[in-house]
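[1] Only the shape, not the letters, is given here:
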């Protein structure tokens, strides 16, 4: 199975950018490398026990087979906007402008494929071959953003009733 984005070496141009070992790193590349190392170290520190991934674990990984991308979305970390971008990338022309996609439509499960929908061999292929990316956010900012979104906006009445009453109790 070969996607349209792959070149002769089987790597996308974005992956080649991150794997420029033969060249001296620019300051920006060094900062990126340091951030990736920090993220990897923190993940390793808090992952106490290795276990087999379950399909449930893969539901937050959005797949773009055309461009060879795996996007791991984190709620309240530009999730809606990046899902909109992925809908434009994977929508075969159905969507033209991410900003014209209503926020609620970005969260409709059938609008984006996730890694959990593939067979084991297809999952392994994508995990080995595709460029994977994630966005993170300072935890307190994320918490404040979630609070504002879920509790201060009037359109979240169902959320208020379901969770708000439990929190108040």
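    Now that the structure is in, tell me what you want to look at. Note that this is a predicted model, so its numbers are computed, not measured.

[2] which element follows the top helix by length along the chain toward the C-terminus?
    Using DSSP state H to define each element, the chain has its longest helix at helix 27-46. Going down the chain from helix 27-46, the next helix or strand is strand 61-64, by DSSP states H and E.

[3] which residues touch that next one?
    69-73, 83, 86, 89-90, 112-118, 126, 130, 132 (Cβ atoms under 8 Å, 6 or more residues apart in numbering). Glycine gets a C-beta too; all of them are placed from N, C-alpha and C.

[4] C-terminal to it, what's the next element?
    That would be, after strand 61-64 and using DSSP H and E, strand 69-72.

[5] Neighbouring strands - and their directions - for that following strand?
    Paired neighbours of strand 69-72 in the sheet (DSSP bridges): strand 61-64 (antiparallel), strand 131-134 (parallel).

[6] quick one: low-confidence parts of this structure?
    1-24, 47-51, 155 (pLDDT under 70).

[7] So residue 135 sits against residue 74, correct?
    Yes - between residue 135 and residue 74 there is a contact under Cβ atoms under 8 Å: 6.7 Å.

[8] Next, the contact list for the residue positioned nearest the centre of the chain, please.
    For the chain, the residue nearest the mean C-alpha position is residue 72 (2.3 Å; Cα atoms, centre = their mean). Contacts for residue 72 were tallied using Cβ under 8 Å, 6+ apart; they are 60, 61, 62, 132, 133, 134.

[9] For residue 161, state which of those is nearest.
    residue 60 (26.3 Å; Cβ to Cβ).

[10] List the contacts of the closest one.
    Contacts of residue 60 (Cβ under 8 Å, 6+ apart): 72, 73, 74, 114.

[11] what number of residues lie near the third one?
    The reference is to residue 74. Look at residue 74: counted by other Cβ atoms under 10 Å, it has 14 neighbours.
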